[in-house]
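[1] okay, here's the prediction I keep looking at, along with the sequence it came from:
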Amino acid sequence: MVELKTDTSIDAMYAAGQVVGRALTAVREAADIGVSLLELDEVARDVLREAGASSPFLGYRPSFAPTPFPAVVCASVNDAIVHGIPTGYRLRDGDLVSIDCGAELDGWVGDSAISFTVGRARPADTRLVETAERALAAGIEAAVVGNRIGDIAHAIGRVCREAGYGIPQDFGGHGIGRRMHEDPGVPNEGRPGRGLPLRQGLVIAIEPMLIGSGRDGYHPAPDGWTLRTDDGSRAAHAEHTVAITEAGPRILTARNPQD
């Protein structure tokens, strides 16, 4: 069931989204050569703790997962697309890192993700991350009253495909509110003019995921959580929580005025 949020509820979700934004900013600032993924998870935990927020990731166990998720961020490195479990792995020069983080504050949830390179960036990785951000921006631009879910999916998919990147099927964005995952699903590829109409008060997480090789194949890692590219190519992930309003899309997880 799709739940439309009131203006008051959207303001509360904005507060949760700002905690997520601060956590992602802190993690990105802390990420450096030699820093472990577990240390980055602890940075995010500190931000949530200071804000009086909890993590919707920690202990989460969807139907596909063999175990509850053990961290407050997903940390996916290089060929990992999404859902990477933070480990003792220490970042190396040139690693491409995607961090996904959520926060629950006063009963409302925010969810966002960023990708970046540690140390010296490969030009191909820079282009991949920039395209993920462009795809996210295109999806947000299409998130207006009167459009449909398919318009968002089409906008994202067009940017990704025209740039020559793959899109992992079966994973995409989602509704969000009192719970991290609500209806509707928000695919990263689709036909314009199809799907659920976008109405005032709908809040969704828009999250393009790109595979650098242009192929779509992926598989779960042995941990049952991490999704990796089949061909070992690198991947990038970008996400914002966005409210549909009569005044246009409102980014609830914005990290700076340009987001």
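    Here it is on my side, so go on. Small disclaimer: the values here were computed from a predicted structure and weren't measured.
[2] for residue 41, give me its contacts.
    Shown in contact with residue 41 (C-beta atoms under 8 Å, 6 or more residues apart in numbering): 71-73, 75, 86. Placement of C-beta: from N, CA and C, glycine included.
[3] next, the buried residues of the helix or strand containing it.
    According to DSSP states H and E, residue 41 maps onto helix 37-51. Neighbour counts over helix 37-51 (16 or more other C-beta atoms under 10 Å) mark 37, 39-45, 47-48, 51 as buried.
[4] repeat for stretch 168-181
    168, 171-177, 180-181.
[5] which one of those is nearest to residue 113?
    residue 173 (10.5 Å; C-beta to C-beta).
[6] returning to that earlier point: biggest separation within the buried residues of stretch 168-181, which pair?
    168 and 177 (24.8 Å).
[7] can you list the weak-confidence ranges in this structure?
    Scanning the chain for pLDDT under 70 picks out the ranges 256-259.
[8] kindly recompute the last result at 50.
    Scanning the chain for pLDDT under 50 picks out the ranges 257-258.
[9] which residues of it fall in helices?
    Applying DSSP state H to the chain gives helices spanning 7-30, 37-51, 123-141, 149-162.
[10] got a markdown table for those, with distance to residue 205 too?
    Converted to a markdown table, these look like this (distance: least, C-beta to C-beta, whole Å):
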| stretch | distance to residue 205 |
| --- | --- |
| helix 7-30 | 10 |
| helix 37-51 | 17 |
| helix 123-141 | 10 |
| helix 149-162 | 11 |
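[11] highest mean neighbour count out of those?
    Greatest average neighbour count among the helices of the chain goes to helix 149-162 (a mean of 22), per mean count of other C-beta atoms under 10 Å.
[12] what is it packed up against?
    Applying 3 or more C-beta pairs under 8 Å, 6 or more residues apart in numbering; DSSP states H and E, we find helix 149-162 packed against helix 123-141, strand 182-186, strand 203-206.
[13] and these as JSON lines, adding distance to residue 115?
    JSON lines is the format used below for these (distance: least, C-beta to C-beta, whole Å):
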{"stretch": "helix 123-141", "distance to residue 115": "5"}
{"stretch": "strand 182-186", "distance to residue 115": "18"}
{"stretch": "strand 203-206", "distance to residue 115": "15"}
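[14] what's the closest of these to residue 110?
    Proximity to residue 110, assessed across these by C-beta to C-beta, is greatest for strand 203-206 (8.8 Å).
[15] quick one: strands adjacent to that closest one?
    strand 173-175 (antiparallel), strand 240-243 (antiparallel) (DSSP bridges).
[16] just the CA coordinates for it, please, in PDB.
    What follows is strand 203-206, C-alpha atoms only, in PDB (Å, rounded to 0.1, in the frame of the first residue of the first chain):
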ATOM      1  CA  VAL A 203       8.200  10.000  -0.600                       C
ATOM      2  CA  ILE A 204      10.600   7.800  -2.400                       C
ATOM      3  CA  ALA A 205      14.300   6.800  -2.400                       C
ATOM      4  CA  ILE A 206      15.700   7.200  -5.900                       C
END
